[in-house]
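Student: attaching a predicted model along with its sequence, questions to come.
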Amino acid sequence: MDITKIKTSCLINNYNYAGFLSEAIDSALNQTVKFDEIIIVDDASTDDSAAVIAKFIQKNNVKYILKQKNQGQLSSFNEGFLAATGDVLFFLDADDIYEPEYLETALSFYNRRSECDFIFCAYKKFGAIEGIFQTDIVDLDLGYSVIRTLYTGEWIGSITSTLSIRREIISKFLPIPYIEDWRVRADDCLVWGASLVGAKKFYISKPLVRYRIHQNNQFHNKKFIDIDKSYEYKRFWKCNSLFNYILQKNNYTLPLLLAFTSLNELKTIPCPKSKDFICYLKIIFLFENNFYWKIKGIFLLFIYFIKIFMTEKLKNR
């Protein structure tokens with residue numbers, strides 16, 4: 001598919017970031033390949049955000065939603081998704097910035113890998129802290145992660161502004177009704193939701209997003225965790241409700257032969273690492289109820305590990 005035929009939507013979520021919002025919008029507008037639409041969702045800001053947005057509404061591809069009630073980040077994701085018409089949806093926090101070639105690079109990746117459903121990329125920290133954050137130094141095909149996420153809660157993704165997801169995937173879990181549970185850190189819903197509904201995930205090692213670190217960045221500073229000592233306990237139940245909702249919405253049930261399914265899922269990762277084998281070993285050992293398949297699954301996993309290890313060893317000679 002030609003990248004010009006992939007319709008794109010950029011969803012910018014904002015709450016009281018008037019001082020940063022112009023830079024975020026400009027970074028979306030000034031891409032080497034243009035977004036088909038940019039949708040700004042303002043979560044009832046009390047600063048000058050509305051005035052900032054007004055400066056951009058004359059642009060043909062800029063739309064905006066000014067919410068009357070502050071409901072948090074997940075609510076903004078829901079509203080943006082419902083208004084978007086793109087084949088691939090890109091997410092941007094109002095205090096972050098896209099590099100000019102971000103969209104072109106991502107679309108080229110979607111074009112080359114038609115099976116790709118979900119991409120996240122490396123990013124540069126700037127502001128109070130400087131540096132580059134990379135999951136790996138090379139691009140990665142991360143395969144599928146339904147079982148891995150369902151049984152271990154593994155979070156395979158990154159911050160909001162590095163995420164893009166195909167519409168057919170995101171429509172399987174958005175909108176999500178638990179907006180009070182996810183007023184912040186709603187990128188968890190995107191990352192976990194995509195895994196649970198069967199997204200094939202990829203990682204781009206080039207830093208294509210600038211992630212601003214500042215005193216109001218609650219996720220990075222973890223202020224809300226310090227204030228609420230029971231945060232992790234509450235978060236467990238929020239995650240439990242989220243997973244159950246997504247599974248029920250898509251009529252998914254737990255696999256009967258977990259060991260067999262786990263092995264097949266592992267094999268969707270072209271270059272699995274030791275941590276991948278350890279993760280699936282734990283799943284088979286702890287959650288496979290059939291004793292025969294538990295033993296057989298562990299044995300087959302070990303054989304596959306030896307095969308991959310020897311193959312990589314031969315490659316490296």
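Tutor: Cool, the structure landed.
Student: mind listing the strands for the stretch 201-317 of the chain?
Tutor: Secondary structure of the stretch 201-317 of the chain, counting by DSSP state E, counting those that start in this stretch: strands at 201-213.
Student: which stretches of it have low pLDDT?
Tutor: Within the stretch 201-317 of the chain, the segments meeting pLDDT under 70 span 217-228, 313-317.
Student: at 90 instead, please
Tutor: Scanning the stretch 201-317 of the chain for pLDDT under 90 picks out 214-233, 254-256, 309-317.
Student: and the next element down the chain from the helix or strand encompassing residue 74?
Tutor: In this assignment (DSSP states H and E), residue 74 forms part of helix 73-83. The helix or strand immediately downstream of helix 73-83 is strand 88-93, counting by DSSP H and E.
Student: what strands line up against that following strand, and which way round?
Tutor: If you go by DSSP bridges, strand 88-93 pairs up with strand 8-14 (parallel), strand 164-166 (antiparallel).
Student: what about the helix holding residue 74, average pLDDT?
Tutor: Averaging pLDDT along helix 73-83 yields 98.
Student: please apply the same query to stretch 130-149.
Tutor: 97.
Student: what residues does it touch?
Tutor: Stretch 130-149 is contacted from outside by 109, 113, 120, 122-125, 154-156, 158, 192, 195-205, 207, 211, 255, 258, 261-262, 265-271, 279-280, 283, using C-beta atoms under 8 Å, 6 or more residues apart in numbering. All C-beta spots, glycine's among them, are computed from the backbone N, C-alpha and C.
Student: tally up the residues packed near the closest residue to residue 101 other than its chain neighbours, please.
Tutor: Leaving aside its sequence neighbours, residue 101 sits nearest to residue 32 (C-beta to C-beta, 6 or more residues apart in numbering; 5.2 Å). Using other C-beta atoms under 10 Å, residue 32 has 11 other residues around it.
Student: related to what we said a few turns ago, just the angle between the helix holding residue 74 and strand 8-14, please?
Tutor: 150 degrees (axes from the mean of the first three to the mean of the last three C-alpha atoms, to 10 degrees).
Student: list the buried ones in helix 73-83?
Tutor: For helix 73-83, the neighbour count (16 or more other C-beta atoms under 10 Å) marks 73-81 as buried.
Student: re the thing from before, need the strands paired with strand 88-93 in a markdown table with distance to residue 57, mean pLDDT and mean neighbour count, can you?
Tutor: What follows is the strands paired with strand 88-93, written out as a markdown table (distance: least, C-beta to C-beta, whole Å; pLDDT from 0 to 100; neighbours: other C-beta atoms under 10 Å):
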| stretch | distance to residue 57 | mean pLDDT | mean neighbour count |
| --- | --- | --- | --- |
| strand 8-14 | 13 | 98 | 27 |
| strand 164-166 | 24 | 98 | 24 |
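Student: centroid residue for this structure?
Tutor: Closest to where the C-alpha atoms of the chain average out (C-alpha atoms, centre = their mean) is residue 191, at 3.7 Å.
Student: identify the residues contacting that one.
Tutor: By C-beta under 8 Å, 6+ apart, the contact set of residue 191 is 155-158, 163.
Student: Produce a ChimeraX select command limited to the buried residues of these.
Tutor: To isolate the buried members of the contacts of residue 191 in ChimeraX, using 16+ other C-beta under 10 Å:
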select :156,157,158,163
